[in-house]
Each structure stands twice: as C-alpha cells, then as structure tokens.
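> kindly return the folded structure for what I paste below:
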Amino acid sequence: MSDSERICSMREDAERVYAEELAADAAGHERDLTADELGTRPNRARSKILQMRLNPDEYQAILDEAGLRGIPASTLVRGWVVQRLRDGAHTDQATQVTEERVRELVRDEVARLARRAS
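Numbers count the residues shown, from 1 in each chain. As a prediction, this is how the structure comes out:
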C-alpha cells in the first residue's frame with residue numbers, strides 16, 4: 001500500500017468513526033472506544049531523557065542505520081544501550097550503570113557505525 005493510499009484509508013477510518021460518534025451522540029448513546037481507537041504510548045514508563053552531543057557524521061550514521069531498519073533513531077540507540085547494559089551485567093559485575101557509562105556505550109556504537117559506513 002502506498003503512502004497516499006494509507007493516508008486515504010486513515011482519513012476514511014477517521015471520518016467513519018467521527019460519523020458514528022455524531023450519530024451515537026445524537027441518539028444519546030455513548031460507547032467505549034475500541035483498542036484500535038485508543039492508541040498506545042509504549043514508552044510511557046520510560047521517564048528519563050539522556051542528551052548527548054554527536055558530530056554531524058555520527059548523527060547521520062545513526063539516522064541512516066535507523067532508516068535501514070525502519071525504526072526511529074531514538075529506538076535504535078535505546079536498543080543499543082539496553083542490549084549493552086544487559087550484556088555487561090552478565091560479564092562484569094563491577095560495571096556501574098552511570099550516565100557516563102551509557103554515553104560511552106552509545107559512542108562505541110556510533111563509532112562502529114561510522115567505521116562500517118566508510
């Protein structure tokens with residue numbers, strides 16, 4: 001399905017739901033939303049934000065890799081961090097999970113991507 005077909009389908013779905021809601025409201029009936037209508041926020045439990053500086057080449061390498069995988073760049077980097085922390089937890093009990101350690105893990109992954117891209 002092309003992007004324009006997908007957008008058209010979404011618009012039709014929204015118009016259908018809106019019409020159903022108007023009809024239910026006019027009739028004095030309310031209904032519960034379906035799971036599809038509610039939507040989700042899968043990372044809602046994650047409340048901490050980590051900011052870091054990257055040079056333009058590193059940033060572009062992350063965007064390119066995320067694009068190849070079809071995921072947001074933040075999801076890609078979060079996956080790297082979580083995986084490396086899990087790997088380290090089994091091999092090095094002395095490693096402290098600090099903000100600097102997380103930055104180091106991301107820098108390592110970015111450097112690996114940059115080497116692979118060149």
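> for whichever strand or helix holds residue 21, which residues meet the burial criterion?
Following DSSP states H and E, the helix or strand that holds residue 21 is helix 3-27. Within helix 3-27, no residue is scored as buried using 16 or more other Cβ atoms under 10 Å. No exception for glycine: its C-beta is placed from N, CA and C like everyone else's.
> element containing residue 77, please.
Short version: residue 77 belongs to helix 73-91, going by DSSP H and E.
> who touches that helix?
Helix 73-91 is contacted from outside by 62-63, 65-66, 69, 95, 97, 102, 105-106, 108-109, using Cβ atoms under 8 Å, 6 or more residues apart in numbering.
> let's see that with 7 Å instead.
Helix 73-91 is contacted by residues 62-63, 65-66, 69, 95, 97, 102, 105-106, 109 when judged by Cβ atoms under 7 Å, 6 or more residues apart in numbering.
> so what does whichever helix or strand comes after it touch, helix or strand wise?
The first helix or strand that comes after helix 73-91 along the chain, using DSSP H and E, is helix 99-117. Helix 99-117 sits against helix 56-69, helix 73-91, with contacts defined as 3 or more Cβ pairs under 7 Å, 6 or more residues apart in numbering; DSSP states H and E.
> in helix 99-117, which residues are buried?
102, 105-106, 109-110, 113-114.
> stretch 110-118 - what's its average pLDDT?
Averaged across stretch 110-118, pLDDT comes to 79.
> on that earlier part again, of all the contacts of helix 73-91, which two lie farthest apart?
The distance between the two most remote of those (Cβ to Cβ) is 28.9 Å, for 63 and 95.
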